[in-house]
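[1] Next come a sequence and a model predicted from it.
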Amino acid sequence: MPNSKTKYLAQVIYVARFRERDATIRFMQADAERAFSSLLNCQSTQTNVPDNYDPNSPRIVFQAGHKTLVISQVACQLSLNFEKGAIPFERQLEVARKNIIDFHSRLTTFKSRETFIESAFVININIPSDLSQQEMHNHLADRFLKSNPLGELASFSLKVGYKTPENLFLNIEMDVYEMRRAEMPAPDPSGAPTIMLIEKLPIVEKGFSVKLDINDKPRMLQNKTYVTAEPDELIARAFAFVNEQLDQEMGFEHV
């Protein structure tokens, strides 16, 4: 039976959405610098995207190491990327908590509190495994699929959403992943194009992936004057699932 002893955070995202689209957001770069520069220890760049283009496209970006902060016309988003084995999983959770709380506390320096109507906390967890791809797909299917198979199982993934008693949306995705290493060969002297076959690249890691997305959208839908709260509740709810329910839901051996 697989276990989650090897799990690590691949990425953590926290998003705070604006009540209304702000087509002038690109003019607020100086305000963004004052609010967020010290969080990432870097300066921002502008993407020079036209104001009438997709409002979800980044207009102001901070990029420093494993942290990325993106500001669009509709939201502010902080992303944290982690490396496998760099620090223990429990420490990764604490680093994520600290950065998200710090980021949220700076939002009202950038815009007024009433601006923010919805927030979401997303955790992406990788769980490396020695099982084959087929064995991993079979494990998930045996765990979650109750209908009769229509043939030999080729792949399986799960996406399910819940509305919690706290009036939050909790979305869970479970899948299987592969990471492959690509090494670009030297250019052919004859000028012939280089062809790389994905299936021929060496696999450096494979395993189960779990994505947890918890957000307060139900509260916003019920109350048009709702202002998103501090992120502590979303973080606590997500971490409780990861620490107390993940192994059981995935059918993993407790370690």
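    That came in fine, so what should we check first? The structure displayed is predicted, hence computed values, not measured ones.
[2] make it CA atoms for all contacts and neighbour counts henceforth
    Will do.
[3] SS state for the closest residue to Ser44 other than its chain neighbours?
    Leaving aside its chain neighbours, Ser44 sits nearest to Phe62 (4.5 Å; criterion: C-alpha to C-alpha, 6 or more residues apart in numbering). What DSSP: H, G, I helix; E, B strand; the rest coil gives for Phe62 is strand.
[4] hang on, Phe62 packs against Cys76?
    No: the pair Phe62 / Cys76 is not scored as a contact, 11.1 Å apart, by C-alpha atoms under 8 Å.
[5] Common neighbours of the two, please.
    The contact sets of Phe62 and Cys76 overlap at Leu69, Val70 (C-alpha atoms under 8 Å, 6 or more residues apart in numbering).
[6] Give me the pLDDT value at Asn215.
    Residue-level confidence at Asn215 comes out at 98, pLDDT.
[7] Apart from its chain neighbours, what residue comes closest to it?
    Of all residues not flanking Asn215 in the chain, Ala120 sits nearest, at 4.1 Å (C-alpha to C-alpha, 6+ apart).
[8] Was I right to think the one you found contacts Asp213?
    Yes: using C-alpha under 8 Å, Ala120 makes contact with Asp213 at a distance of 6.9 Å.
[9] Compute the first-to-last residue distance for stretch 71-88.
    Length of stretch 71-88, first residue to last, C-alpha to C-alpha, to the nearest Å: 30 Å.
[10] picking up where we left off before, and the gap between the residue nearest to Asn215 and Phe169?
    Ala120 is 9 Å from Phe169, where distance means C-alpha to C-alpha.
[11] what touches both of the two?
    Asp213, Ile214, Asn215, Asp216.
[12] Quick check: buried residues in stretch 165-178?
    Within stretch 165-178, the residues scored as buried using 16 or more other C-alpha atoms under 10 Å are Leu168, Phe169, Leu170, Asn171, Ile172, Met174, Asp175, Val176, Tyr177.
[13] Which one of those is nearest to His66?
    Of all the buried residues of stretch 165-178, His66 sits closest to Tyr177, with 21.1 Å by C-alpha to C-alpha.
[14] In its sheet, which strands sit next to the helix or strand containing the closest one, and in what direction?
    Tyr177 belongs to strand 169-180 when assigned by DSSP states H and E. With DSSP bridges as the test, strand 169-180 is paired with strand 158-163 (antiparallel), strand 203-215 (antiparallel).
[15] Which helix or strand contains Asn99?
    Using DSSP H and E, Asn99 maps to helix 89-110.
[16] avg pLDDT for that helix?
    The average pLDDT within helix 89-110 is 97.
[17] roughly how far is it from the heart of the chain?
    Remark: helix 89-110 is offset 14 Å from the chain centroid, using C-alpha atoms, centre = their mean, to the nearest Å.
[18] Run through the strands of the stretch 1-150 of the chain in chain order.
    Ranges of strands in the stretch 1-150 of the chain, per DSSP state E, counting those that start in this stretch, are 8-18, 44-46, 60-64, 67-71, 75-81, 116-128.
[19] partners of the longest one in the sheet?
    Right, the one you point to is strand 116-128. strand 8-18 (antiparallel), strand 203-215 (antiparallel).
[20] Can you add distance to Lys159 and mean neighbour count and give those back as CSV?
    Converted to CSV, those look like this (distance: least, C-alpha to C-alpha, whole Å; neighbours: other C-alpha atoms under 10 Å):
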stretch, distance to Lys159, mean neighbour count
strand 8-18, 18, 22
strand 203-215, 9, 20
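[21] which one of those strands has the lowest average pLDDT?
    The minimum mean pLDDT among the strands paired with strand 116-128 belongs to strand 203-215 (a mean of 93).
[22] Next, report how far that strand is displaced from the centre of its chain.
    Taking mean C-alpha positions (C-alpha atoms, centre = their mean), strand 203-215 and its chain are 9 Å apart.
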